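A.B. asks: the following comprises the amino acid sequence and a computationally predicted model.
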Amino acid sequence: MIITIDGPAGTGKSTCAIRLAEKINFIYFDTGALYRAICLFAINSKINIDCKDSLKKLVSRFKFQIKEINKVPHYFVNDIDVTNEIRSPQLTLQVSKFASLETVRNALKPIQYDFGKNCNSIFDGRDLGTAIFPEADIKFFLTASSYIRAERRHQELITKFPDKRVTFEQTLSDINQRDYQDSTRTCAPLKKAHDAIEIDTTTKTIEEVVGLMEKYYIEVITHKTKGK
Ligand code: CDP
């Protein structure tokens with residue numbers, strides 16, 4: 001069974017996906033980490049992303065792995081642990097441009113399909129319910145006001161990167177810029193799948209959102225079992 005959770009930054013996708021996966025015993029895949037990882041790999045490789053050949057070479061050399069260390073997922077690119085580095089505000093600003101490239105999106109598809117094979121999984125990102133798993137069993141689309149999303153992200157950033165002095169205004173502007181880029185790109189833009197359940201998380205706690213998701217999951221499972 002596959003559950004997808006899409007939506008813009010700061011809506012609580014990852015937190016809710018992790019909690020839901022724990023509750024219903026599914027495996028969780030944060031596809032944002034994959035896009036962040038390949039973007040970091042491109043920056044470190046100093047390639048010209050406008051050159052198709054260089055880009056193709058780059059994606060063919062990209063090896064992505066997830067390993068659990070003390071119950072926390074760690075992300076590796078060609079055997080280097082990039083877990084912290086891929087969350088930095090500087091990198092975040094560059095991911096959307098890179099994620100809009102068709103060569104990149106196509107190269108990352110098999111990694112996502114392989115992960116979803118043979119196991120009950122929850123994927124979160126931007127295009128899971130539309131482009132990657134249009135046949136997913138359950139799709140959620142999370143929204144929230146940009147102000148509250150920026151507030152949540154700002155809290156996260158000052159905790160994780162206290163020395164970077166990120167301001168709320170900068171965080172809000174970055175989020176708006178990224179939303180615009182993600183939803184207006186031609187290749188697999190961020191949008192709600194027609195059959196996705198929309199949850200506005202602006203005034204909801206994580207527990208409330210996860211509760212709604214779990215309730216819906218139980219309804220689907222009950223319906224499937226009855227139909228057998
Ligand atoms: O956690 P946050 O929502 O800030 O971002 P993320 O999920 O880590 O994704 C970072 C960026 O990767 C997004 O802004 C998108 O540009 C890109 N992305 C994408 O294009 N498709 C996905 N399935 C996941 C992420």
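C.D. replies: Everything's here; your move.

A.B. asks: mean confidence for the longest helix along the chain?
C.D. replies: Assignment by DSSP state H gives helix 206-227 as the longest helix of the chain. Mean pLDDT, helix 206-227: 93.

A.B. asks: who are the packing partners of that helix?
C.D. replies: helix 13-24, strand 138-143, strand 197-200 (3 or more C-beta pairs under 8 Å, 6 or more residues apart in numbering; DSSP states H and E). For every residue, glycine as well, the C-beta is placed using N, CA and C.

A.B. asks: give me that answer again for 6 Å
C.D. replies: Judged by 3 or more C-beta pairs under 6 Å, 6 or more residues apart in numbering; DSSP states H and E, helix 206-227 is in contact with helix 13-24.

A.B. asks: taking strand 138-143 as reference, get the angle to the helix it packs on.
C.D. replies: Using axes from the mean of the first three to the mean of the last three C-alpha atoms, to 10 degrees, the inter-axis angle of helix 13-24 relative to strand 138-143 is 140 degrees.

A.B. asks: re earlier: what's the longest helix of the chain in contact with?
C.D. replies: Residues outside helix 206-227 that contact it (C-beta atoms under 6 Å, 6 or more residues apart in numbering) are 15-16, 19-20, 23-24, 138, 199, 201.

A.B. asks: so how many other residues sit close to the closest residue to R185 other than its chain neighbours?
C.D. replies: In space, and not counting its chain neighbours, R185 is closest to S100: 3.9 Å by C-beta to C-beta, 6 or more residues apart in numbering. Using other C-beta atoms under 10 Å, S100 has 17 other residues around it.

A.B. asks: was I right about S100 contacting T186?
C.D. replies: No. Counting by C-beta atoms under 6 Å, T186 is not a contact partner of S100; they are 7.8 Å apart.

A.B. asks: which one of the contacts of helix 206-227 sits closest to N84?
C.D. replies: Nearest to N84, judged by C-beta to C-beta, of the contacts of helix 206-227 is T15 at 17.7 Å.

A.B. asks: measure the closest one to the ligand for me?
C.D. replies: 10 Å (C-beta to the nearest ligand atom, to the nearest Å).

A.B. asks: before we move on, what's the pLDDT of that residue?
C.D. replies: The model's pLDDT for T15 equals 96.

A.B. asks: and what of K160?
C.D. replies: At K160, the pLDDT value in this model is 86.

A.B. asks: would you mind measuring from it to I69?
C.D. replies: Counting by C-beta to C-beta, to the nearest Å, the gap from K160 to I69 is 17 Å.

A.B. asks: so for the two, which sits in the more crowded spot?
C.D. replies: Neighbours per residue (other C-beta under 10 Å) separate K160 from I69, with K160 holding more: 13 against 9.

A.B. asks: mind checking pLDDT for the nearest residue to the more buried one once chain neighbours are set aside?
C.D. replies: Computed as C-beta to C-beta, 6+ apart, the closest residue to K160 that is not its neighbour in sequence is R87, at 6.3 Å. pLDDT recorded at R87 is 91.

A.B. asks: what is the neighbour count of R87?
C.D. replies: With other C-beta under 10 Å as criterion, R87 counts 17.

A.B. asks: could you dump stretch 43-63 to CSV, C-alpha only?
C.D. replies: The C-alpha coordinates for stretch 43-63 follow below in CSV (Å, rounded to 0.1, in the frame of the first residue of the first chain):
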residue,chain,number,x,y,z
ILE,A,43,27.1,22.0,-6.3
ASN,A,44,30.0,20.0,-4.9
SER,A,45,30.8,18.6,-8.4
LYS,A,46,30.8,22.3,-9.7
ILE,A,47,29.0,21.3,-12.9
ASN,A,48,27.2,23.7,-15.2
ILE,A,49,23.5,22.7,-14.8
ASP,A,50,22.6,24.3,-18.1
CYS,A,51,24.8,21.8,-20.0
LYS,A,52,22.7,18.6,-20.6
ASP,A,53,25.7,16.3,-21.0
SER,A,54,27.3,17.4,-17.7
LEU,A,55,23.9,16.9,-16.0
LYS,A,56,23.4,13.5,-17.5
LYS,A,57,26.9,12.4,-16.4
LEU,A,58,26.2,13.8,-12.9
VAL,A,59,22.9,11.9,-12.4
SER,A,60,24.6,8.7,-13.6
ARG,A,61,27.2,9.1,-10.9
PHE,A,62,24.7,9.8,-8.1
LYS,A,63,24.4,7.0,-5.6
